[in-house]
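K.L.:
output the structure for:
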Amino acid sequence: MSAAFAIDLTDAETFPSRRTEAWKYSDLKRYLREAPEPSPTAAVGPPGPFYDLGGEAIVFANGRAVGVTDFIASGQQTLRLRYVSDAVGTGHTASARVSARAGAKLLLLETHEGAGSAYVAHNTLELDVAAGAEVTRVVLVEEPEDAISVSEAHVKVEAGGVFRQTVITTGAKLQRIETRITHYAQGAHVQADGLYLLNGSRHADLTSVVRHVEHDGTTSQLIKGVARDTARGVFQGKIVVERGADGTDARMGHHALIASAKNARNGAEIDAKPELIIYADDVQCAHGNTVGTLDESALFYMEQRGIPADEARALLTQAFLIEVVDRIEHEGAREVAREWLTARL
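P.N.:
Predicted coordinates for the structure are as follows:
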């Protein structure tokens with residue numbers, strides 16, 4: 001994966017195609033050949049799923065900021081970042097910048113809330129985690145089945161900082177959630193988790209690049225996914241350990257289930273590309289990837305005890321995915337994420 005592709009919704013020449021290696025599983029050019037018309041103004045609507053957890057808010061409606069677009073955290077704070085889309089056949093872009101000062105502890109609760117149909121959204125976040133700061137980012141993404149969306153987060157974690165991320169999504173016509181992390185290590189820790197639950201013909205691409213550029217840093221990544229019907233799940237994860245980043249400990253795991261109907265001619269698809277690139281010595285790095293199906297014997301056992309087949313599948317799916325949610329350390333955010341996911345099973 002090379003440098004981030006600079007997408008400009010007003011210029012179709014910037015839309016990547018499968019000929020770009022990092023986009024070969026998510027061919028934006030195939031679905032978007034021309035620049036969309038700009039989206040009109042939109043109302044924000046009801047409060048997002050994290051509203052009850054309080055805190056400050058940055059809100060965009062069809063790319064237009066409702067108030068501030070920058071936030072600087074000091075001390076212990078909560079920020080709700082909402083990207084609201086309510087458009088039909090048009091496109092919009094939003095950009096936010098968030099910084100956590102040295103020693104700050106920030107809970108960043110991000111939602112991508114879609115209504116309307118066939119819109120194109122491009123959202124970006126610049127996030128700086130200062131030395132000794134701690135940021136927990138939890139992202140819930142729900143968009144229409146015919147929407148196209150690209151979300152980018154560019155994260156910088158300074159020495160001794162902590163950054164934890166959990167992305168939970170149900171996909172769209174084409175959806176890519178990309179996270180690029182520059183890891184200055186020296187005791188810094190990154191946790192970059194995510195899960196996708198896809199029905200119908202939805203597509204979700206979780207792409208991440210973590211660059212360890214200094215010594216003695218840790219990264220832990222767990223991605224899980226379920227694709228049903230004719231949906232397509234994509235995971236591209238790359239961890240790069242640069243020269244001089246000795247003592248790095250980096251672990252990556254992607255595990256997915258295909259839950260298409262038996263004997264389906266065109267069933268669900270999972271594409272996974274985990275990568276480790278190591279230029280340093282004295283490191284501990286590993287990655288794993290599995291793709292399978294639900295345990296038929298467990299399904300049979302549950303059905304024999306009177307649990308309907310659909311309910312049994314939902315329970316097994318939840319048991320598989322919930323490990324990612326359980327890794328969210330903040331109790332309030334974890335419970336909201338658990339309820340949000342359970343309602344969509």
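
K.L.:
tell me which residue lies nearest the centroid of the chain.
P.N.:
Nearest to the geometric centre of the chain sits V167, at 3.7 Å (C-alpha atoms, centre = their mean).

K.L.:
and stretch 191-201, how far out from the chain middle?
P.N.:
Chain-centre distance of stretch 191-201: 8 Å, with C-alpha atoms, centre = their mean, to the nearest Å.

K.L.:
what about H154, how many neighbours?
P.N.:
16 (other C-beta atoms under 10 Å). To be clear about C-beta, it is placed using only N, CA and C from the backbone, and glycine gets the same treatment.

K.L.:
R305 too?
P.N.:
By the criterion of other C-beta under 10 Å, R305 has 8 neighbours.

K.L.:
pLDDT value on it, please?
P.N.:
R305 is assigned 87 on the pLDDT scale.

K.L.:
in stretch 52-62, what's buried?
P.N.:
For stretch 52-62, burial by neighbour count (16 or more other C-beta atoms under 10 Å) applies to 53, 57-62.

K.L.:
residues contacting it, please?
P.N.:
39-44, 65-69, 71, 77-87, 90, 92, 94, 96, 98, 107, 109, 123, 332-333, 336 (C-beta atoms under 8 Å, 6 or more residues apart in numbering).

K.L.:
just the terminal-to-terminal distance for it.
P.N.:
Terminal residues of stretch 52-62 are spaced 23 Å apart (C-alpha to C-alpha, to the nearest Å).

K.L.:
pLDDT averaged over it - what is it?
P.N.:
The model assigns stretch 52-62 a mean pLDDT of 98.

K.L.:
could you do stretch 6-17 as well?
P.N.:
Per-residue scores along stretch 6-17 average to 95.

K.L.:
wait, isn't the residue nearest to the centre of the chain in contact with L206?
P.N.:
Yes - the criterion here is C-beta atoms under 8 Å, and V167 meets it with L206 at 6.4 Å.

K.L.:
any residues in contact with both of the two?
P.N.:
Contacts common to V167 and L206, judged by C-beta under 8 Å, 6+ apart, are 177, 194.

K.L.:
can you tell me how far the residue nearest to the centre of the chain is from G244?
P.N.:
Per C-beta to C-beta, to the nearest Å, V167 is found 30 Å from G244.

K.L.:
what does L106 give?
P.N.:
Distance from L106 to G244, by C-beta to C-beta: 29 Å.

K.L.:
please apply the same query to T342.
P.N.:
45 Å.

K.L.:
repeat for L276
P.N.:
For L276, the distance to G244 equals 17 Å [C-beta to C-beta].

K.L.:
ok, now V135?
P.N.:
For V135 relative to G244 (C-beta to C-beta), the value is 25 Å.

K.L.:
just the buried members of the contacts of stretch 52-62?
P.N.:
Those of these that meet the buried threshold are 39, 42, 44, 71, 77-87, 90, 92, 94, 96, 98, 107, 109, 123, 332-333, 336, by 16+ other C-beta under 10 Å.

K.L.:
pretty sure T166 contacts V325?
P.N.:
Yes - using C-beta under 8 Å, T166 makes contact with V325 at a distance of 7.3 Å.

K.L.:
show me where the stretch 201-345 of the chain has helices.
P.N.:
Using DSSP state H, counting those that start in this stretch, the helices of the stretch 201-345 of the chain run over 296-304, 309-326, 331-343.

K.L.:
now the stretch 1-150 of the chain
P.N.:
28-31.

K.L.:
any low-confidence regions in it?
P.N.:
1-5 (pLDDT under 70).

K.L.:
just to revisit the earlier point, which one of L106 and G244 has more residues nearby?
P.N.:
L106 (26 against 13).

K.L.:
show me what contacts the closest residue to the more buried one other than its chain neighbours?
P.N.:
For L106, ignoring the flanking residues on the chain, the nearest one in space by C-beta to C-beta, 6 or more residues apart in numbering is A73 at 4.1 Å. When contacts are counted by C-beta under 8 Å, 6+ apart, A73 touches 79, 98-101, 104-106, 133, 135.

K.L.:
same question for R18.
P.N.:
R18 neighbours (C-beta under 8 Å, 6+ apart): 24-25, 27, 29-30.
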